[in-house]
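*Asks:* Provided below are the primary sequence and the corresponding predicted coordinates.
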Amino acid sequence: MKRFPLSVFALGLLLFTFTSFTPPQKKDPPEKRIEDLLAKMTLEEKVGQLNFVVGDLFNTGPTVRTAQSDKFNEAIKNGQITGIFNIHGAEYIGKLQRMAVKESRLGIPLLIGADIIHGFKTIFPIPLGESASWDLAAIENGARVAALESSAGGINLTFAPMVDITRDSRWGRTAEGAGEDPYLGSLIAAARVKGFQGKDLADPRTIAACVKHFVAYGAAEAGRDYNTTDMSEYLLRDVYLPPFKAALDAGSATLMTSFNELNGVPATGNMFILQQILRKEWGFTGTVISDWQNITEMVQHGYSKDHAQAAEQALQAGTDVDMMGEAYLKFVPGLVRSGKLDQKILDESVRRVLWLKFKLGLFDNPYRYSDSKREKREIRSRENLAVAFDMARKSIVLLKNQGNALPLSASTKKIAVIGPLGNNKADMNGTWSFFGEEQHAVSFLEGIRKYAKGAQVTFAQGCDLYSNSTAGFAEAVTAARNADVVIMALGESAVMNGEGASRADIGLPGVQLDLVKEIHKTGKPIVALVSSGRALELTWLDQHIPAILATWSLGSEAGNAAASVLWGEYNPAGKLPLSFPRHVGQLPLYYNHKNTGRMYEGDHSEPGSERVYKSRYRDVPNTPLYPFGYGLSYTTFAYGAPTLSKSSITGAETLTVTVEVTNTGKVPGEEVVQLYIQDLVGSTARPVKQLKKFQKLAFAPGEKKTVTFTLNAADLAFWRQDMTFGAEPGDFKVMVGGNSRDVQALPFTLTSL
Ligand code: BGC
């Protein structure tokens, strides 16, 4: 096809703008309204519906564009923008919507996206922290609050949940996901989608979810962000895909492609994952959004020769929306005109975007998400803060409590709070909390002062988060010497994890460990609050410090939640959603690994000859410091011997697994009772353990509960060697316990399918 000079198009566009246009009639069904619109759209207007740009508030990628610049406004009026993200404010967004609806030729309303990752203004714990609660209802409720607040502030789409499985805590984005397990990760993914989207997307108090990043982004080589991933289709399907499927089954309206290349093909242009799996096998009809410039980055990957080819490849593969790349905007009209790209493909993508806007109710009332009154009422309401407080307490994991050092006694008279996160508001909200003003976060010191009731609380920072300065050590040591108990607040700042924040050393940053060692020398009892967006290497702390709490980044209510746990107002019940290594060199480390032919199970005490040719390290054990599913309580739980309803089942039968769990301590507490299986022989070798069920239950002191799980062939299914999905008859082990390490096992057989 002959190419027209650009000016002819510009003129055409101008003429179009002034020709009368009858907007689709409200009474028509959306399908018809979409087709009517499509029929009227110019190529440029179509492509505009696929162009998503960032606003002026903050930047989450390499380039900025200013929402208030004239260029931006003109682009809205010219229909060159489908939506703007990372802006907020009912009034401001209302203005932008008015511009789109009243001043653009077709009056198509805007998507307003944002990274509402763990709360909007009321900030919840980072997703990894929330996942440690293993409390699906609480997680759903947290997402619900985030939707209530952000939708009032003009937002209609969140780029969440992030469901990337991660087995390597060097990867900074570990903070944003649910950890290492596909089963737990799938349930959490679904809970978050339900929380964001509610029962009906058209309800203006809900927002559309965008499950991300599709796919295998969390498997970045060496834990370095954006790095290459290469994996078997088995691993992809068994481990990395299930949380995406769960999020889509729960109704996630959209999906975001990932930055990485997967087995040689960048995810954004990857036909196998986007066409074969997502569209064909899973039947996903929603909108696929690229990540920030990851269409144009296909050039750097060495997959596309230029941005035009990248645009062609991405759109062909089914990436509907171009976030920040402007490759569609610049090149797709030409590609269609030249016949390189079938117009039908473009139309399909535009249809999907318009559908989303219809589902959100934007065509019926574009201002429905901009409700200043509701915004005032909703944002940081007392109710929302109470939900965040509850979630923060539920996220805390008690890693060690030697000699019942915790909870603190009400008679403790002198407390020293020491460490760079002690009197710190800025880092409480954690990564991806751009909308939550840090001044509203409760610091640990504030929380401790509130709960310490009458006790004298002193604070010494000791050192800062990163630097090598030990200048504050002396003051901290004096504070410790004068105290009965030292509470040390240590760990990562908000920017030490999250996007682009991979670390090669996952110990405490800067001189924090040296500070702990100095304070330890005083002989005072120490409680460590360790905040992080990943599993940290805490080996020294574990060997020397009596009480350790994993406090992630707990959000708006951080200080109150931690203090509530410190004084035992709340009995911690969190369980780790990922393995904590003894040494960074063990990574990737995950409980659901496979056996090798030479697995080393020993403790390094046997003679050398018996352990040389084994799968092990010479210097550290294979096992994690704290295993997946691990977390202590102020009470203790005793597990009886589990029993099975039968020793073998057919594919049509159900196996019942029963175990008695007793609270053997003196205080009420909650326990996450976990069930794992092992398929002993498979057509592809199976992991040593796989979480299949869990129940989080509350126990009064002395209370005994009979906990029952059911298993059937569907729970035993995996991707078999012939690439079919299902169980295989044979021998299994079922294991029950309070974490992935301390389990009791029983054998059973699946006799047939
Ligand atoms: C991140 C996405 C995020 C997007 C928009 C990207 O850099 O990878 O997770 O949704 O920015 O802020």
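*Replies:* Perfect, I can see it now.

*Asks:* when you work out contacts or count neighbours from here on, use the C-alpha atoms and nothing else.
*Replies:* Noted.

*Asks:* so residue 461 makes contact with residue 419?
*Replies:* Yes - using C-alpha atoms under 8 Å, residue 461 makes contact with residue 419 at a distance of 4.6 Å.

*Asks:* what's the local residue count around the residue lying closest to residue 554 once chain neighbours are set aside?
*Replies:* Using C-alpha to C-alpha, 6 or more residues apart in numbering and skipping the chain neighbours, the partner closest in space to residue 554 is residue 125 (3.9 Å). When neighbours are counted by other C-alpha atoms under 10 Å, residue 125 registers 35.

*Asks:* residue 125 belongs to a helix?
*Replies:* No - Residue 125: not assigned to a helix; according to DSSP: H, G, I helix; E, B strand; the rest coil it is coil.

*Asks:* still on that earlier bit, give me the more crowded residue out of residue 461 and residue 419.
*Replies:* residue 419 (28 against 21).

*Asks:* wait, doesn't the more buried one sit right on residue 458?
*Replies:* No - counting by C-alpha under 8 Å, residue 419 does not reach residue 458; the two are 11.7 Å apart.

*Asks:* pick out the residue in the stretch 301-450 of the chain sitting closest to the ligand.
*Replies:* residue 323 (8.0 Å; C-alpha to the nearest ligand atom).

*Asks:* again but with the stretch 601-750 of the chain, I slipped
*Replies:* residue 628 (25.3 Å).

*Asks:* contact partners for the residue of the stretch 301-450 of the chain closest to the ligand?
*Replies:* Residue 323 makes contact with 51-53, 289-294, according to C-alpha atoms under 8 Å, 6 or more residues apart in numbering.

*Asks:* with residue 699 instead?
*Replies:* 662-663, 668-671, 705.

*Asks:* could you do residue 206 as well?
*Replies:* 144, 147-148, 151, 156, 196-198, 200.

*Asks:* dump those residues to a markdown table, plus secondary structure.
*Replies:* Shown next, in a markdown table, are those (three-state DSSP):
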| residue | secondary structure |
| --- | --- |
| 144 | helix |
| 147 | helix |
| 148 | helix |
| 151 | helix |
| 156 | coil |
| 196 | helix |
| 197 | helix |
| 198 | coil |
| 200 | coil |
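
*Asks:* could you chop the protein up by domain?
*Replies:* 23-375, 387-566, 637-752 (automatic domain parsing).

*Asks:* and the second one, how far out from the chain's middle?
*Replies:* The one in question is domain 387-566. Domain 387-566 sits 23 Å away from the centroid of its parent chain (C-alpha atoms, centre = their mean, to the nearest Å).

*Asks:* of the domains of the chain, which is nearest residue 605?
*Replies:* domain 387-566 (19.2 Å; C-alpha to C-alpha).

*Asks:* may I have the distance across the closest one, first residue to last?
*Replies:* End-to-end distance of domain 387-566 (C-alpha to C-alpha, to the nearest Å): 19 Å.

*Asks:* what mean pLDDT does it get?
*Replies:* Per-residue pLDDT over domain 387-566 has a mean of 98.

*Asks:* how about stretch 330-346?
*Replies:* 98.

*Asks:* which residues of this structure score low on pLDDT?
*Replies:* 1-25, 56-71, 604, 606-610 (pLDDT under 70).

*Asks:* let's see that with 50 instead.
*Replies:* Residues of the chain meeting the criterion pLDDT under 50: 1-21, 63-67.

*Asks:* contact partners for residue 148?
*Replies:* 205-206, 378.

*Asks:* quick one: it and the ligand, what's the gap?
*Replies:* 19 Å (C-alpha to the nearest ligand atom, to the nearest Å).

*Asks:* and residue 121, by the same measure?
*Replies:* Distance from residue 121 to the ligand, by C-alpha to the nearest ligand atom: 17 Å.

*Asks:* can you give me the strands in the stretch 651-753 of the chain?
*Replies:* 655-663, 669-679, 690-699, 704-711, 718-719, 725-726, 730-737, 743-752 (DSSP state E, counting those that start in this stretch).

*Asks:* would you list these in a markdown table and tack on distance to the ligand?
*Replies:* Compiled in a markdown table, these are given as follows (distance: least, C-alpha to the nearest ligand atom, whole Å):
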| stretch | distance to the ligand |
| --- | --- |
| strand 655-663 | 40 |
| strand 669-679 | 30 |
| strand 690-699 | 27 |
| strand 704-711 | 36 |
| strand 718-719 | 29 |
| strand 725-726 | 30 |
| strand 730-737 | 35 |
| strand 743-752 | 37 |
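
*Asks:* and of these, who's closest to residue 238?
*Replies:* Going by C-alpha to C-alpha, the one of these nearest residue 238 is strand 718-719, 6.4 Å.

*Asks:* grab the nearest non-local neighbour of residue 682.
*Replies:* Nearest to residue 682 is residue 728, by C-alpha to C-alpha, 6+ apart, at 7.0 Å.

*Asks:* and that neighbour, what is it in contact with?
*Replies:* 682, 716-717, 750, 752-753.
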